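Colleague: structure here, sequence nowhere to be found:
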């Protein structure tokens, strides 16, 4: 009978720990500032600009 009580307590503790972790992840995800989100949204386009600049310099080297 003592083992049943132990498993019931462990189950309750794990439920509380899991819920606390879930709430923590939600808080972390939604507490980001707008500038962080905007900077992350621009990353794919910044890469294209760098690729275009590299292509232009490669073309300039071949026109020598």
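Modeller: Sure thing, it's come through. Quick caveat, the model's predicted, so the values are computed rather than measured.
Colleague: what count of nearby residues applies to residue 13?
Modeller: Each residue near residue 13 was counted by other Cβ atoms under 10 Å, and the total is 10. Quick note: C-beta positions are derived from backbone N, CA and C, even for glycine.
Colleague: which SSE is it in?
Modeller: helix 2-30 (DSSP states H and E).
Colleague: give the rounded mean pLDDT of that helix.
Modeller: Throughout helix 2-30, pLDDT has a mean value of 89.
Colleague: might you report the residue contacts of the most centrally placed residue in the chain?
Modeller: Among the residues of the chain, residue 29 comes closest to the average C-alpha position under Cα atoms, centre = their mean, at 7.8 Å. With contact set as Cβ atoms under 8 Å, 6 or more residues apart in numbering, residue 29 has no partners.
Colleague: list phi and psi for residue 32.
Modeller: Dihedral angles of residue 32 (phi, psi; degrees, to the nearest 10) stand at phi -70, psi 150.
Colleague: ditto for residue 33
Modeller: phi -80, psi 160.
Colleague: domain-wise, how is this protein divided?
Modeller: Taking automatic domain parsing as the reference, the chain has its domains at 1-31, 33-64.
Colleague: if we can go back for a sec, for the residue nearest to the centre of the chain, give its distance to residue 22.
Modeller: Note on residue 29: its distance to residue 22, by Cβ to Cβ, to the nearest Å, is 11 Å.
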